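[1] just need the structure, nothing else, for what follows:
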Amino acid sequence: PWHVPASAMAGDGNPGANERIGIGYVGVGRRGLQLMGLPKEGRIVAVCDVHAMRAEAVAAARKCRAYFDYRKLLEAKDVDAVIIATPDHWHALVSIHACQAGKDVYTEKPLSLTVREGRAMVQAARKHQRVFQTGSQRRSMKHHRLGCQLVRGGVIGKIQSVVAHNYPSPWLCGLPAQAVPKGLLWDVWCGQTEPRPYHADIYAPRGNPGWISLMPYSGGEMTGNGSHGLDQIQWALGMDDTGPVEIWPEREEPLQAPVYMSPESRQRGDAACSANRVSFRYAHGPVVTLDYGPEAGAVFLGEKGKVVVGNDRFSCEPPELADAPLPPDAPRLEVSDNHFENWFAAIKARRRPIADVEIGHRSAVICHLCNIARWTGRRLRWDPVGELFVGDDEANRYLDRPRRKPYELPEP
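    Sure thing, here's the model as predicted:
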């Protein structure tokens with residue numbers, strides 16, 4: 001049976017079903033702070049960050065406890081669920097440990113750093129019967145839903161092709177050493193990656209260039225923004241439980257990623273790491289090309305017209321398709337207008353939320369596949385059931401990364 005959090009139970013001193021869910025935050029930097037607008041059913045009871053002064057300042061402002069080791073936070077009885085807003089290379093380990101500790105989980109997108117990490121997160125959530133929401137918040141935005149519903153409902157007929165945004169892959173870092181800020185546990189921040197000297201433009205998410213653009217810590221904007229746009233494609237096409245079967249770069253040449261030796265804008269790296277456009281194909285036919293599509297959505301081209309979804313708006317050509325009735329037998333997308341409220345409702349009902357961990361994993365996988373196609377510089381065949389490249393040992397080596405001790409993934 002599902003394990004029910006304390007806040008959903010009454011009696012013996014436990015808060016009743018109408019009481020609030022105790023939330024602990026792991027990572028309270030830029031994104032963590034943006035995620036603190038909880039529904040009234042939630043209350044912040046603890047925060048954790050590897051920057052001690054940041055954790056203490058946020059805890060003081062929110063009148064809650066501060067931790068510097070997330071494992072201690074997970075031991076707290078009044079923490080029913082956790083919101084994980086760390087850098088990408090920390091998502092998997094914290095998420096799996098949270099599931100094992102009996103906490104429900106909200107992990108920011110992109111869900112994983114590698115394909116293998118994502119699958120381990122799904123396995124942990126299922127084994128420990130956790131309600132696990134991925135932070136793919138476009139699934140809880142009205143106009144994204146309406147646009148994807150038109151595509152899914154067949155209003156533009158059979159989908160002939162899809163155009164996504166041309167997201168850049170990550171590049172390499174050779175930034176010089178700087179003094180580590182007081183209170184920052186830099187070696188812990190590095191986590192599973194080989195430690196390198198601190199620099200403010202590694203520590204920042206998006207800076208000059210920031211960790212989101214750097215290969216050890218992220219999949220670049222391919223996973224940073226691609227986890228939004230490519231997720232919308234999965235949703236609109238009804239592919240949440242599967243993925244492409246073939247991925248290929250425009251030119252058969254492996255990516256030669258630049259190395260940033262001093263701080264500079266992302267412009268040079270983004271240009272070099274998006275120059276080789278990638279396409280992929282689903283088994284039932286539609287080809288998706290990374291090109292001129294919107295960052296947070298895609299352009300869907302069908303037999304009867306076009307739908308553009310992106311940045312909480314959608315448009316149709318011809319325009320009257322926007323008001324076309326759905327066929328009676330067309331599938332209806334789940335309605336959610338608030339991602340946290342959807343997660344909280346799922347916690348109370350012990351059901352899967354709108355961006356369940358499997359959905360977040362499958363969307364992140366496409367991002368990873370597109371990066372791997374660029375890195376190998378060739379056409380790849382993908383088995384979405386076994387989650388392996390067919391007959392390609394080199395490509396399969398990119399499905400996971402080495403991890404230093406003691407940051408290996410546990411058994412789910």
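
[2] tell me how the chain divides into domains.
    The chain breaks down by automatic domain parsing into domains covering 6-138, 142-328+358-396.

[3] out of those domains, which is closest to residue 338?
    Comparison of the domains of the chain against residue 338 by C-beta to C-beta identifies domain 6-138 as nearest, at 7.0 Å. (C-beta placed from N, C-alpha, C; glycine too.)

[4] please state the offset of the closest one from the chain centre?
    15 Å (C-alpha atoms, centre = their mean, to the nearest Å).

[5] okay, the domains of the chain, which one's buried deepest?
    Stretch with highest mean neighbour count among those: domain 6-138 (a mean of 21; mean count of other C-beta atoms under 10 Å).

[6] what about that domain, average pLDDT?
    Averaging pLDDT along domain 6-138 gives 92.

[7] circling back to that earlier point, adding distance to residue 352, write the domains of the chain out as a markdown table.
    A markdown table is the format used below for the domains of the chain (distance: least, C-beta to C-beta, whole Å):
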| stretch | distance to residue 352 |
| --- | --- |
| domain 6-138 | 7 |
| domain 142-328+358-396 | 8 |
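
[8] those domains: which one's closest to residue 404?
    Of all the domains of the chain, domain 142-328+358-396 comes closest under C-beta to C-beta, at 6.2 Å.

[9] what's the offset of that closest one from the middle of its chain?
    Worked out by C-alpha atoms, centre = their mean, domain 142-328+358-396 lies 10 Å from the chain centre.

[10] measure that domain end to end?
    38 Å (C-alpha to C-alpha, to the nearest Å).

[11] kindly report the same for stretch 315-330.
    20 Å.

[12] residues in contact with that stretch: which ones?
    146, 149-150, 152-156, 304-308, 314, 332 (C-beta atoms under 8 Å, 6 or more residues apart in numbering).

[13] of the domains of the chain, which is nearest residue 342?
    Per C-beta to C-beta, nearest to residue 342 of these: domain 6-138, 7.2 Å.

[14] any idea how far residue 230 is from residue 168?
    Noted for residue 168: a distance of 14 Å to residue 230, by C-beta to C-beta, to the nearest Å.

[15] got it, and residue 265?
    Counting by C-beta to C-beta, the gap from residue 265 to residue 230 is 25 Å.

[16] looking at this structure, which helix is longest?
    helix 357-376 (DSSP state H).

[17] return that helix as CSV; C-alpha atoms alone will do.
    Extracted in CSV, the C-alpha atoms of helix 357-376 (Å, rounded to 0.1, in the frame of the first residue of the first chain):
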residue,chain,number,x,y,z
VAL,A,357,8.6,11.1,-12.7
GLU,A,358,8.3,8.8,-15.7
ILE,A,359,7.0,11.7,-17.9
GLY,A,360,9.9,13.9,-16.7
HIS,A,361,12.4,11.1,-17.3
ARG,A,362,11.1,10.4,-20.9
SER,A,363,11.3,14.1,-21.8
ALA,A,364,14.8,14.4,-20.4
VAL,A,365,15.9,11.3,-22.3
ILE,A,366,15.1,13.1,-25.6
CYS,A,367,17.4,16.0,-24.5
HIS,A,368,20.2,13.5,-23.7
LEU,A,369,19.7,11.7,-27.0
CYS,A,370,20.0,14.9,-29.0
ASN,A,371,23.2,15.7,-27.2
ILE,A,372,24.6,12.2,-27.8
ALA,A,373,23.8,12.5,-31.5
ARG,A,374,25.9,15.7,-31.7
TRP,A,375,28.7,14.2,-29.6
THR,A,376,29.0,11.1,-31.8
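
[18] show me what the mean pLDDT comes to for it.
    Across helix 357-376, the per-residue pLDDT values average to 98.

[19] who does whichever helix or strand comes after that helix pair up with?
    Toward the C-terminus, helix 357-376 is succeeded by strand 380-383 as the next helix or strand (DSSP states H and E). Strand pairing for strand 380-383, determined by DSSP bridges: strand 246-249 (antiparallel), strand 388-389 (antiparallel).
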